[in-house]
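Novice: with the sequence up front, the predicted model follows.
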Number of protein chains: 2
Amino acid sequence: MSAQLPDILTVLRNTPATLTAMLRDLSPHWTHANYGPETFSPYDVVGHLIHGEKTDWIPRLKIILEHGESRPFEPFDRYAMYELSKGRTLADLLDEFERCRADNLAVLEGLKLSEVDLVKTGMHPALGVVTARQLLSAWVAHDLNHIHQVAKAMAYQYRDEAQPFSGYLGVMRDFLS
Amino acid sequence: MSAQLPDILTVLRNTPATLTAMLRDLSPHWTHANYGPETFSPYDVVGHLIHGEKTDWIPRLKIILEHGESRPFEPFDRYAMYELSKGRTLADLLDEFERCRADNLAVLEGLKLSEVDLVKTGMHPALGVVTARQLLSAWVAHDLNHIHQVAKAMAYQYRDEAQPFSGYLGVMRDFLS
């Protein structure tokens, strides 16, 4: 299907509540555990999403609308949260993510993007030319990617205990050799 | 880590609210779309989870506690929801899942399982001998597997629009050849 703004807004609006529900009342041995070297824990994911709200999606959309391809996007630091989240609680990060996301969706709605706007192009520093519609679709897919990753990081913690059932559990596939 | 009852209960308790948040206000072209032949849509997943509440996890736990390995578990029909969900709305299914899960967690808490209970064994019709702890861990991992799957089914709908960014999106990996 073609990515349409009302759909994009709905999925993006649901993500903070989804992560809050998924991580509610969990002990740090769930929220701070990843699934191997250089992978993200749920805690890392929420910090990473906040940094995306501040420096990635809406700032890049504005560059497309204001400068087109003439001004490449700023590179996005995918690991910035390792420093930025230091000393903060997960509850605090989830609150900030919810606020940042709500603010950004208000900006997105306020832009009242037309079909003409959605085909406008910008310059990604690594990927080359992308349209506004591709950027917004990637924002949605990026949320889903990280919900998918939180489920994976959590499932990993039971890879041994649930092992007899792992043939039925696609989420475990990456952990089995 | 070793699977402990308080952790198991917390993750299982969070799943209905997680799926409700994730699927809120989405159009049928999200909720009823899968990611290829014989895969589950989000709508299919919720029906499948309801059937698991009714016929899989708690009934099997009770068989372990009452009969040990002498009475194999009933086989679980992973596709029963294709018939059972017919004509029902997703909102109705989500409500039923929330109720069934709450009832089952009340049963689980009421059993006040000891460490001795958790090492008791039963007979899975396909997998052979499993412990109560393995069954409960698989229940948790099964929830996470299906949250992971809902995110994947949704991301699949934007596989073309988000394609330039797919190298950054692990959730898209299965869709790229």
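Specialist: Structure received.
Novice: the helices in chain A, which residues?
Specialist: A:5-23, A:28-31, A:42-55, A:57-67, A:81-84, A:90-111, A:115-118, A:132-156 (DSSP state H).
Novice: quick one: list the elements packing against the first one.
Specialist: In other words, helix A:5-23. Applying 3 or more CB pairs under 8 Å, 6 or more residues apart in numbering or on different chains; DSSP states H and E, we find helix A:5-23 packed against helix A:42-55, helix A:90-111, helix A:132-156, helix B:5-23, helix B:28-31. C-betas here are computed from N, CA, C, even on glycine.
Novice: the longest one too?
Specialist: Contacts defined by 3+ CB pairs under 8 Å, 6+ apart place helix A:132-156 against helix A:5-23, helix A:42-55, helix A:57-67, helix A:115-118, strand A:121-124, helix B:132-156.
Novice: export those to a markdown table and tack on distance to residue B:108, mean pLDDT and mean neighbour count?
Specialist: Compiled in a markdown table, the helices and strands packed on helix A:132-156 are given as follows (distance: least, CB to CB, whole Å; pLDDT from 0 to 100; neighbours: other CB atoms under 10 Å in any protein chain shown):
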| stretch | distance to residue B:108 | mean pLDDT | mean neighbour count |
| --- | --- | --- | --- |
| helix A:5-23 | 20 | 97 | 20 |
| helix A:42-55 | 24 | 97 | 22 |
| helix A:57-67 | 41 | 98 | 18 |
| helix A:115-118 | 49 | 96 | 13 |
| strand A:121-124 | 49 | 98 | 20 |
| helix B:132-156 | 8 | 97 | 25 |
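Novice: closest one to residue B:51 among the helices of chain A?
Specialist: The closest of the helices of chain A to residue B:51 is helix A:132-156. By CB to CB, the value is 20.2 Å.
Novice: nearest residue to the middle of chain A?
Specialist: With the centre of chain A defined as its mean C-alpha position, the nearest residue by CA atoms, centre = their mean is residue A:143, 3.6 Å away.
Novice: shouldn't it be in contact with residue A:49?
Specialist: Yes. Counting by CB atoms under 8 Å, residue A:49 is a contact partner of residue A:143 at 7.5 Å.
Novice: which neighbours do these two have in common?
Specialist: residue A:15 (CB atoms under 8 Å, 6 or more residues apart in numbering or on different chains).
Novice: can you lay out the helices and strands packed on helix A:132-156 as CSV showing distance to residue B:166?
Specialist: Shown next, in CSV, are the helices and strands packed on helix A:132-156 (distance: least, CB to CB, whole Å):
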stretch, distance to residue B:166
helix A:5-23, 17
helix A:42-55, 17
helix A:57-67, 16
helix A:115-118, 19
strand A:121-124, 13
helix B:132-156, 10
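Novice: looking at the ones you listed, which is closest to residue B:64?
Specialist: helix B:132-156 (5.1 Å).
Novice: what sits against the closest residue to residue A:81 other than its chain neighbours?
Specialist: Excluding its sequence neighbours, the residue lying closest to residue A:81 (CB to CB, 6 or more residues apart in numbering or on different chains) is residue A:47, at 2.9 Å. Neighbouring residues of residue A:47 by CB under 8 Å, 6+ apart: A:80, A:81, A:82, A:84, A:85, A:88, A:93.
Novice: mind redoing it with 6 Å?
Specialist: A:81, A:85, A:93 (CB atoms under 6 Å, 6 or more residues apart in numbering or on different chains).
Novice: top of the residues you listed by neighbour count?
Specialist: Scoring these on neighbours with other CB atoms under 10 Å in any protein chain shown, the highest-scoring entry is residue A:93 at 24 neighbours.
Novice: for that one, which non-adjacent residue is closest in space?
Specialist: Nearest to residue A:93 is residue A:46, by CB to CB, 6+ apart, at 4.4 Å.
Novice: do you know how far that neighbour is from chain B?
Specialist: The gap separating residue A:46 from chain B is 14 Å, by CB to the nearest CB, to the nearest Å.
Novice: ok, now residue A:28?
Specialist: Taken as CB to the nearest CB, the span from residue A:28 to chain B is 11 Å.
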